[in-house]
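Asks: Predicted model, plus sequence, below.
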Amino acid sequence: VRLGVECRFVGVTAATFGTEPYLIRLGDRVAIADGVRFITHDGAAHRLRRKHPDIDVVGPIRVGHDAVIGMNAIIMPGVTIGADVVIAAGSVVMRDVPARSLVAGAPARVVTDVEQWERRMLARSVGTGAMSPQRKREVFLDRFAAELAADPSDIISVAN
């Protein structure tokens, strides 16, 4: 894998980058969460090898600067992910992703642009990003005390 500077990996293993890691290029400040898989070849092509012994469907994967790839996302062969992109957890990215967009789903589709996503994230923020883990725990337990104390049988419906 060719990495840019200041990339961040959480839970990355040898399996993350598959059997052809040399076909993967990551830009600067790319963040990859646990369970992400980069698939540079289409293994289903093996089914055709009796009729077409030389078949091999392979493609490089390129990720632009400042991209974030969420937990358990799968990036398929030949995909290019633009700069400043967010790939939602569990997404299956089968097509190129335009810069400054957020994609989600299986197959992944553009859901919004990063400006709208940023506004929603800021509105939901609890403001603890720079705190120590111990201080975060205190703040979270205090902030969510009522929800954590409630009996789960009292939950009738969940509003989004």
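Replies: Okay, I see it.

Asks: Now do the helices for the chain: every range, in order, please.
Replies: 114-124, 133-143, 145-149 (DSSP state H).

Asks: Lowest average pLDDT across those helices?
Replies: Here the helices of the chain differ in mean pLDDT, and the lowest is helix 145-149 at a mean of 87.

Asks: Buried residues in that helix, which are they?
Replies: By neighbour count with 16 or more other C-beta atoms under 10 Å, helix 145-149 contains no buried residues. Heads up, the C-betas are built off the backbone N, CA and C, glycines and all.

Asks: Next: stretch 60-71.
Replies: 61, 62, 63, 64, 65, 66, 67, 68, 69, 70, 71.

Asks: Run through this structure and note the low-pLDDT ranges.
Replies: Residue ranges of the chain with pLDDT under 70: 155-160.

Asks: Can you list the residue ranges for strands in it?
Replies: 8-9, 24-26, 31-32, 37-38, 61-63, 68-69, 74-75, 80-81, 86-87, 92-93, 101-104, 109-113 (DSSP state E).

Asks: Export those to a markdown table and append columns for distance to residue 51.
Replies: Converted to a markdown table, those look like this (distance: least, C-beta to C-beta, whole Å):
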| stretch | distance to residue 51 |
| --- | --- |
| strand 8-9 | 40 |
| strand 24-26 | 30 |
| strand 31-32 | 37 |
| strand 37-38 | 28 |
| strand 61-63 | 28 |
| strand 68-69 | 36 |
| strand 74-75 | 28 |
| strand 80-81 | 31 |
| strand 86-87 | 35 |
| strand 92-93 | 28 |
| strand 101-104 | 35 |
| strand 109-113 | 34 |
